[in-house]
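> Sequence below, structure please.
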Amino acid sequence: MNELPTTDIRLAGFERDPRWQDVFDESHRRPPLPMPLPGVLTHLVFRTDDIGSDRHYEHVHALLFAWQAKVDLDRPDQVLAHTDAFAIKWERHTEFCSITVLSREPGTEDVPPPEPDFPASWRETAPAPLLLALRVTARGTTEDLARLLVERQQRGPEHMGSLVNSGEALVETDFRPGPDGFTRISILTTDLSTSRVGRLAQRLTEIETYRLLALYSWPDVQWAGPKLNDIDRGLMDLTEELADLKPGTDSSFLIRLTALAGELERVTAQTHFRLNASSAYYDLVQRRLEDLREDRVSGAQRLSSFINRRLNPAARTYRSILNRQREMSDRVARTSQLLRSRVDVELAEQNQAILKSMNHRAEQSYLLQQTVEGLSVVAVSYYALGILSYVLGILTAYDHSIDPKLWAGMLAPVVVLLTWLGIRHLRERVHKGGH
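Numbering: from 1, shown residues only. Below is the predicted model of the structure:
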């Protein structure tokens, strides 16, 4: 028995559910790292579509070995480690892996917190291309954050900022990679709690990661849209032709319909999962933005406004493409059903014509058979009477009173009747033998 480990006698003896530990572990999975002030967080994201997760797992361990890091937690989907200068977290998700490196000790006014230097050999052996390089800096302040936000909005429309956590922190970014390839987000906070700043930094890294993954399907939409338009026009043409389809053209119509159905399935297979995944990432971005608890500041463009201005139309387009794929698949099925019904009706008409022709031929065959039987009776009777006349002719040699022609005439009806009965009996035997 798999008993629940406990020192409380009131729970001793209970059998533990086999997923008991997994459920509780998942509840505490992916904890945020406390972020010192000032502090720097570096976040790298790699796509894992066609790459085995083992290769990413081995790759992060190569980095830990190069940094001589101490491993605190080692799981196939999560690794936690630390060095004297950094806390390190690696996580494997469904479509990507991420590595987060956070400075453990705060910087000073003169000495900024350290930033990680990834070895060149480690960068060159990455198992997948880099999707995102993000650097989040955080420092404490006692200034008026709302005033700072309004002043910094004068830098230009590309500068975004928001008061978050009920006005306790100011987050600024331009959502653009810099010359070094890093997208930068800065946090100014009046809340000096390292755990709350760490949670805020985690939300921001998740927002930027999921935002890029939500937009990752946009090239697929640009490819799939014209393809679906062509398929839609082809279906419209076929539907119009189906109403006036000429006999004998079903085969060519079916070939064209099958080609359109195959093209639709190809487009759907190449985009369906990707578009559904991006729609799910969009929902995650919305939830993380709600968690930021942004304040409205007059004259300032909020982070959520910038993100949703591009993300909302993209998400609606994704769902529109998915709906079109479903609707067009239903249209193909309905057109196929209409063609099948048409073919069934034509087959029924052909079968009815064949049966009518067979009945007509059977009637003709029966009439011909009766005619042949009648001729057979006449022919057999004729030869039988000939033989009988020959026999009667022999008898006249012994008895001159016998008239062969008279007797042949008298026996003719009897011979005909017996011949007819014999042929009829033979026909019945043949008919029974055939069944």
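> average model confidence for the helix or strand containing Leu322?
Secondary structure from DSSP states H and E places Leu322 in helix 303-395. For helix 303-395, mean pLDDT rounds to 83.
> next one: phi and psi at Glu91?
Main-chain dihedrals, Glu91, degrees, to the nearest 10: phi -140, psi 140.
> So what sits opposite it in the bridge?
Gln78, Ser98 (DSSP bridges).
> Go ahead and confirm it touches Gln78.
Yes - under the criterion of Cβ atoms under 8 Å, Glu91 lies in contact with Gln78, with a separation of 5.4 Å. (Glycine included, C-beta is placed from N, CA and C.)
> which one of those two has more residues nearby?
Neighbours were counted for Glu91 and for Gln78 using other Cβ atoms under 10 Å; Glu91 has more, 18 against 15.
> now the strands for this protein?
Using DSSP state E, the strands of the chain run over 39-47, 70-75, 78-82, 86-92, 96-103, 130-140, 160-164, 169-177, 183-189.
> List just the one of these that sits closest to Tyr382.
Tyr382 lies closest to strand 39-47 among the strands of the chain, at 100.8 Å (Cβ to Cβ).
> mind checking how far the closest one is from the chain centre?
Offset of strand 39-47 from its chain centre (Cα atoms, centre = their mean, to the nearest Å): 31 Å.
> which neighbours do Glu91 and Gln78 share?
Counting by Cβ atoms under 8 Å, 6 or more residues apart in numbering, the common neighbours of Glu91 and Gln78 are Arg30.
> about what we covered before: would a markdown table of the strands of the chain with mean pLDDT be doable?
Output for the strands of the chain, formatted as a markdown table (pLDDT from 0 to 100):
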| stretch | mean pLDDT |
| --- | --- |
| strand 39-47 | 95 |
| strand 70-75 | 92 |
| strand 78-82 | 94 |
| strand 86-92 | 94 |
| strand 96-103 | 94 |
| strand 130-140 | 94 |
| strand 160-164 | 87 |
| strand 169-177 | 90 |
| strand 183-189 | 94 |
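> Is it possible to get JSON lines of these that adds distance to Glu208?
Formatted as JSON lines, the strands of the chain follow (distance: least, Cβ to Cβ, whole Å):
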{"stretch": "strand 39-47", "distance to Glu208": "8"}
{"stretch": "strand 70-75", "distance to Glu208": "25"}
{"stretch": "strand 78-82", "distance to Glu208": "20"}
{"stretch": "strand 86-92", "distance to Glu208": "15"}
{"stretch": "strand 96-103", "distance to Glu208": "11"}
{"stretch": "strand 130-140", "distance to Glu208": "6"}
{"stretch": "strand 160-164", "distance to Glu208": "12"}
{"stretch": "strand 169-177", "distance to Glu208": "8"}
{"stretch": "strand 183-189", "distance to Glu208": "6"}
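> So which of these is nearest Ser329?
Per Cβ to Cβ, nearest to Ser329 of the strands of the chain: strand 39-47, 28.6 Å.
> what's that closest one packed up against?
If you count contacts as 3 or more Cβ pairs under 8 Å, 6 or more residues apart in numbering; DSSP states H and E, strand 39-47 packs onto strand 96-103, strand 130-140, helix 194-215.
> Determine which of the strands of the chain approaches Thr239 most closely.
For the strands of the chain, distance to Thr239 was read as Cβ to Cβ. The smallest value, 40.7 Å, belongs to strand 39-47.
> For the closest one, which strands pair with it and how are they oriented?
strand 96-103 (antiparallel), strand 130-140 (antiparallel).
> and for the last one, what are the contacting residues?
Contacts to strand 130-140, defined as Cβ under 8 Å, 6+ apart, come from residues 35, 37-47, 96, 115, 177, 181-190, 192, 197, 200-201, 204-205, 208-209, 212-213, 216.
> just to revisit the earlier point, next one: the helix holding Leu322 to chain centre, how far?
The answer for helix 303-395 is 38 Å, by Cα atoms, centre = their mean.
> I'd like to know which elements that helix is packed against.
Short answer (3+ Cβ pairs under 8 Å, 6+ apart): helix 303-395 packs on strand 160-164, strand 169-177, helix 194-215, helix 218-243, helix 250-292, helix 404-434.
> rewinding a little: Throw the helices and strands packed on strand 39-47 into JSON lines and include distance to Ser336 and mean neighbour count, thanks.
Formatted as JSON lines, those follow (distance: least, Cβ to Cβ, whole Å; neighbours: other Cβ atoms under 10 Å):
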{"stretch": "strand 96-103", "distance to Ser336": "39", "mean neighbour count": "23"}
{"stretch": "strand 130-140", "distance to Ser336": "41", "mean neighbour count": "20"}
{"stretch": "helix 194-215", "distance to Ser336": "35", "mean neighbour count": "21"}
